[in-house]
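[1] Sequence plus the predicted model coming up.
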Amino acid sequence: MTVPARAARGARSELLGIGLVLVAAACFSTLDTTTKLVSASVPLLMALWFRYAFQALATTAVVLPWRGLAVLRTRHLPFQCLRGALLLVSSLLAFASLRVMPVGEFTAIVMMGPLAVTLLAATVLKEHVSGLRWTLVAGGFAGTLVIIRPGGESFSWATLLPLGLVASNAWFQVLTSKLARTEDPVTMHLYTGWVGTLVASVTLPMVWTPLQDPWLWAGLCFMGLMGTVGHFLLILAFRNAPAATLTPYLYSQIAFSMLGGWLVFSHMPDHWSQLGMGLIALCGAGGAWLTVREARNVPRTAQV
């Protein structure tokens, strides 16, 4: 294959990855909007169990006939379980947060995740972080404060729940990046669904409530579908394009969530919240751009 042909193929692959990320972001925003709607009438832990059970069963039904039992092989079973538990905690905090927060503002705070990973890398993993990255982290945190507004009339301690989600999700992302070097992404996705389902099943008998409204069952199924499709598309996207290329487009989820909040709940963030959301998106996208720039400046000998 000639160099121009390889370049054209690489460009098409990156465009496909970007398109998949945008659709995945729309799926996650739809999941959050539906979760806020359904969780008003369904016990939180019951909705959480259903979301993971749907993902586990749907993924297994698709993957096992295609890959067989070999897909269950893993070199790091304890870390697979820990990763699944971290995502379950993140989902629990997300469900609780959406009960008390508008979808758009919640999504913007959650998108602090990549910046939180930077903070984690510096403080826990002792990795070098440049001054510019620290500035971006500070800017993202300032955007979060603008949305939450501690001391303001709309502030309540429940609005701090998304910060716990950001912390648990940052650990999830760090562990995912480590496992992705040796583990099959499909295997990781499968274990994530089943770990969440099995752990959530412990509390299911205590919270199970018969649902008479068929629309609630439809909402629960739709939540599971959007979560499953979104995560699967994200896996496909990162197979087609590097993370540094795709990360800025993940922030489109903020816009999708604002749209969902407006269409379903007639809520539009005020000017201060919009400012905070924009600041988080700008700093997050800036972090992705910085990753690309730093990667290009690494000497070829250092990449070998």
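    It's in.

[2] what distance separates stretch 277-289 from the middle of the whole chain?
    Relative to the chain's own centre, stretch 277-289 is displaced by 16 Å; criterion: Cα atoms, centre = their mean, to the nearest Å.

[3] gap between Trp171 and Ala116?
    9 Å (Cβ to Cβ, to the nearest Å). Every residue, glycine included, has its C-beta placed from N, CA and C.

[4] These two - which one has more neighbours?
    Ranked by neighbour count (other Cβ atoms under 10 Å), Trp171 and Ala116 place Ala116 first, with 23 against 18.

[5] Does the more buried one belong to a helix, a strand or coil?
    Counting by DSSP: H, G, I helix; E, B strand; the rest coil, the backbone at Ala116 sits in helix.

[6] Not counting its neighbours along the chain, what's nearest it?
    Nearest residue to Ala116 in three dimensions, chain neighbours excluded: Ala170, at 4.0 Å (Cβ to Cβ, 6 or more residues apart in numbering).

[7] pretty sure the one you found contacts Gly113?
    Yes: the pair Ala170 / Gly113 is scored as a contact, 6.0 Å apart, by Cβ atoms under 8 Å.

[8] in stretch 38-52, what's buried?
    Within stretch 38-52, the residues that count as buried by 16 or more other Cβ atoms under 10 Å are 38-39, 42-52.

[9] With stretch 247-263 instead?
    Buried residues in stretch 247-263 (16+ other Cβ under 10 Å): 247-261.

[10] Now, those residues that are in helices?
    Per DSSP state H, helices hold the following members of those: 247-250, 252-261.

[11] Out of these, the closest to Val21 would be?
    Nearest to Val21 among these: Tyr249, at 4.7 Å, using Cβ to Cβ.

[12] Wait, that closest one touches Val21, no?
    Yes: Tyr249 lies in contact with Val21 (Cβ under 8 Å); the separation is 4.7 Å.

[13] what about the closest residue to Gly164 other than its chain neighbours, neighbour count?
    Leaving aside its chain neighbours, Gly164 sits nearest to Leu93 (5.1 Å; criterion: Cβ to Cβ, 6+ apart). A count of nearby residues for Leu93, using other Cβ under 10 Å, gives 20.

[14] ok, Leu93 - contacts?
    161-162, 164-165, 168 (Cβ atoms under 8 Å, 6 or more residues apart in numbering).

[15] Let me know the secondary structure of Trp33.
    Not quite, residue 33 is Thr, not Trp. Three-state call for Thr33 (three-state DSSP): helix.

[16] Number of residues surrounding it?
    By the criterion of other Cβ under 10 Å, Thr33 has 24 neighbours.

[17] Nothing else from me, thank you.
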